[in-house]
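Colleague: Below are the sequence and a predicted model; questions follow.
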Amino acid sequence: MSARTLPLLFLNLGGEMLYILDQRLRAQSIPGEKARKDEWTDVDRKRVMNDIITTMFNKKFMEELFKPQELYSKKALRTVYDRLAHASIMRLNQASMDKLYDLMTMAFKYQVLLCPRPRDILLVTFNHLDAIKDFIYDSPGIMNQVDETFRRLIDTYSCLSDGEFQLIRQTLLIFFQDMHIRVSIFLKDKVQNSNGRFVLPISGPVPWGTEVPGLIRIFNHDGDEVKRTEFTTPGNYVTPQREGSFGLYGDRVLKLGTNMYSVSRPVETHMSGSSKTLASHAKENIVPNPLAKEELNFLARLLGGLEIKNPSGSDTGFRLNLFTTDEEEEHAALTRPEELSYKVINIEATQEPGRREELSCILGELEVAEPRPASSGKGEDLLALMDAL
C-alpha cells in the first residue's frame, strides 16, 4: 500500500464530483429574470462551484492531505465528500448523495483501469485540475489556490519512480475492487457489462515509451540480437504521437479525466447483482474496527480545514436532485441496500481535548465570510463538531 495515494484519490474524485454537480446545476437552472426564489440560476451555479472549489483547495486542508498516510475506509472518505458537497448553499438528500458518490467512484475507477502507464494517473489528475480551473477562470483568488495545489502535485510526484506509481495504482485498484455499480453512460458506450464490471479495450495507443506488439527479439548471452519472430495480435495498436505534458500547462494528450458530462445526457446508476451480494464486505463499516480511532483522527485533521457554510437568514439553501424526478429519488432511497448506504454515525470525542484545541487552532486561521452563531454543542461528538465548522 502506498502512503502517497490519498491526494490523487481525493483530487480525482473531487474533480468528478464537480463535473456532475456542474452538469446537474446547468440542467436545472432557470434564467435569472424568470426564476422563483427556490429555483436555481446560473449565478447560483457559479456560487456553488466557487464555494466548493474554495473549500476543496483550502491551504490547510491541502497541507494535511499531502502528508504521507495510508488510505482509510470508504465510509471515512465518503464523509469528507458529504461535507464538501455541502460547503455551499446547495443541499443534497441521502439518495442523491449516494448517487453522486457512486458516479464519482465508478468514473475514476474506469480511468485508473484504462491508464496506459501507472505514471499516467498523474495526467488524469492534471486533466481534472485543468477542468476545475475552467470553472473558476474569472476568480483569480481561487485560481491561485488551484495552481498552488498543481505545483504541490508536481513537486511531490514528479520525482517518484515507475515502481512507486505502480504501487499507487495497485492501492487505488484495491480501494475500488468491490465496487461494481452500473452507470448508464458506460453501459450505453459498451465499456461496462451488465454485472458492473468494465470492458478493457484491446486496441488503441500503447503506453508511451513502448512498442506496438507483434515482434519477438531473441538475444544471445552477449546481448546481441540473433533472431526475430513476428506474430499477429487481435487488437489494432498504434504508437502514441507524443507524451502528455506533466507541467503546470500543456497538452496532456491523454483524455482520461476530462469532463464526460460536457455533452448533456441523462446518467443513471443501478446496483448490479454482484454489488447486492457484497453486504458481507460492506458490513465491515458497521462492525467495530480497531482502526476506528486512527480514522477519526484522520477525519478530525482533514475536516478541520473544511468550512461548512450554513445558510442563514433569508438564504435557506437550494436542494439539488441528481435524479430525473423526485419520485425516482425517493424510490432509490427505499431500494438501496442498507449495507451499501453511507449513513452518518455519531462518534464520541469528549475525551479528546487536544484534538478540539487543534481544530480550534486550524479554524482560527480560516477566513470566515459571515458570523456564525455560537454552538453550545460544539465538541459533543466528532461529526457534530464537523457540522459546526
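Modeller: Structure received. Numbering: from 1, shown residues only.
Colleague: which intervals of the chain have sub-threshold pLDDT?
Modeller: 30-40, 263-389 (pLDDT under 70).
Colleague: any chance you could map the strands in it?
Modeller: 90-91, 181-183, 204-205, 215-219, 225-230, 237-238, 269-271, 318-319 (DSSP state E).
Colleague: Which of those strands sits closest to residue 74?
Modeller: Closest approach to residue 74 among these (C-beta to C-beta): strand 181-183, 12.3 Å. Every C-beta, even on glycine, is put in place using the N, C-alpha and C of the backbone.
Colleague: Tell me which strands the closest one pairs with, and in which orientation.
Modeller: Each strand paired with strand 181-183, and its direction, by DSSP bridges: strand 269-271 (antiparallel).
Colleague: helices or strands next to the longest helix seen in the chain in the packing?
Modeller: In the chain, taking DSSP state H as the definition, the longest helix is helix 6-28. With contacts defined as 3 or more C-beta pairs under 8 Å, 6 or more residues apart in numbering; DSSP states H and E, the packing partners of helix 6-28 are helix 42-56, helix 59-65, helix 74-85, helix 94-114, helix 121-135, helix 140-157, helix 162-176.
Colleague: Save those as JSON lines, and put in mean neighbour count and distance to residue 199 too.
Modeller: Formatted as JSON lines, these follow (neighbours: other C-beta atoms under 10 Å; distance: least, C-beta to C-beta, whole Å):
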{"stretch": "helix 42-56", "mean neighbour count": "20", "distance to residue 199": "32"}
{"stretch": "helix 59-65", "mean neighbour count": "18", "distance to residue 199": "33"}
{"stretch": "helix 74-85", "mean neighbour count": "21", "distance to residue 199": "24"}
{"stretch": "helix 94-114", "mean neighbour count": "21", "distance to residue 199": "10"}
{"stretch": "helix 121-135", "mean neighbour count": "22", "distance to residue 199": "19"}
{"stretch": "helix 140-157", "mean neighbour count": "16", "distance to residue 199": "29"}
{"stretch": "helix 162-176", "mean neighbour count": "17", "distance to residue 199": "16"}
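Colleague: Out of those, flag the one nearest residue 200.
Modeller: Comparing the helices and strands packed on helix 6-28 by C-beta to C-beta, helix 94-114 comes nearest, at 6.4 Å.
Colleague: and that closest one, C-alpha only, in CSV?
Modeller: Output in CSV follows, covering the C-alpha atoms of helix 94-114 (Å, rounded to 0.1, in the frame of the first residue of the first chain):
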residue,chain,number,x,y,z
GLN,A,94,-29.3,10.9,1.1
ALA,A,95,-30.3,9.3,-2.2
SER,A,96,-28.8,12.0,-4.3
MET,A,97,-25.6,12.0,-2.3
ASP,A,98,-25.4,8.2,-2.7
LYS,A,99,-25.8,8.5,-6.4
LEU,A,100,-23.3,11.3,-6.6
TYR,A,101,-20.7,9.2,-4.8
ASP,A,102,-21.4,6.2,-7.0
LEU,A,103,-20.9,8.2,-10.2
MET,A,104,-17.6,9.7,-8.8
THR,A,105,-16.1,6.4,-7.8
MET,A,106,-17.0,4.4,-10.9
ALA,A,107,-15.8,7.2,-13.2
PHE,A,108,-12.4,7.3,-11.5
LYS,A,109,-12.1,3.5,-11.2
TYR,A,110,-12.6,3.3,-15.0
GLN,A,111,-9.9,5.9,-15.5
VAL,A,112,-7.4,4.1,-13.3
LEU,A,113,-8.1,0.8,-15.1
LEU,A,114,-7.5,2.4,-18.5
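Colleague: relative to helix 162-176, how tilted is that helix?
Modeller: Here helix 94-114 points in a direction 150 degrees away from that of helix 162-176 (axes from the mean of the first three to the mean of the last three C-alpha atoms, to 10 degrees).
Colleague: circling back: now for the helices and strands packed on helix 6-28, which one comes closest to residue 261?
Modeller: When the helices and strands packed on helix 6-28 are compared by C-beta to C-beta, helix 94-114 sits nearest residue 261, at 9.2 Å.
Colleague: buried residues in the longest helix of the chain?
Modeller: The neighbour-count check on helix 6-28 (16 or more other C-beta atoms under 10 Å) flags 6-25, 28 as buried.
Colleague: for stretch 174-185, same thing?
Modeller: Residues of stretch 174-185 classed as buried by neighbour count (16+ other C-beta under 10 Å): 175-176, 179-183, 185.
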